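Asker: This is the structure alone, sequence omitted:
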């Protein structure tokens, strides 16, 4: 099924964008955000996914646009910092659960292959 690998990533893209902006001292250009996320995921990400997500994040008050050097930059505001912190807490909680699912599935798949 086409795009099935992106389903879980699409839900995490706003968190990754907030993280990238935060790492860049709270402000970043769209192109830099796209490059950093591609580096983080080690795969290409559609431009439309990044800019669509940025638009939604701005609508929800997580980021703000600010013009710099005739380019549009995105700034993580206080609400965005809270958004990032809360989602990192959720990721921290989910990390051992995800690792357990991966471990169990790897074991199951290994056993299934040997039969």
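Answerer: On my side now, so go ahead. Please read these numbers as outputs of a predicted model, since none were measured by experiment.
Asker: got the contact list for residue 84?
Answerer: 15, 18-19, 22, 76 (CB atoms under 8 Å, 6 or more residues apart in numbering). Where you see a C-beta, it was placed from the backbone N, CA and C, and this is true even at glycine.
Asker: now do residue 60
Answerer: Per CB under 8 Å, 6+ apart, neighbours of residue 60: none.
Asker: which of the residues in the helix or strand hosting residue 95 are buried?
Answerer: If you go by DSSP states H and E, residue 95 is part of helix 78-114. Residues 80, 83-84, 87 are the ones in helix 78-114 that count as buried (16 or more other CB atoms under 10 Å).
Asker: Same question for stretch 67-77.
Answerer: For stretch 67-77, using 16+ other CB under 10 Å, the buried residues are 73-76.
Asker: now what about that stretch, what contacts it?
Answerer: 17-18, 21-22, 26-30, 33, 54, 57-58, 61-66, 84.
Asker: Next, the distance between the ends of it.
Answerer: Counting by CA to CA, to the nearest Å, you get 15 Å between the two ends of stretch 67-77.
Asker: Restrict the contacts of stretch 67-77 to the buried ones and give me that as a ChimeraX selection.
Answerer: Filtering the contacts of stretch 67-77 down to the buried ones (16+ other CB under 10 Å) takes a single ChimeraX command:
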select :17,18,21,22,27,28,30,33,54,57,58,62,63,84
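Asker: Out of the contacts of stretch 67-77, list just those in strands.
Answerer: 27-29, 63-66 (DSSP state E).
Asker: So for stretch 96-110, mean pLDDT?
Answerer: For stretch 96-110, the mean pLDDT works out to 88.
Asker: Could you do stretch 43-59 as well?
Answerer: pLDDT averaged over stretch 43-59 gives 95.
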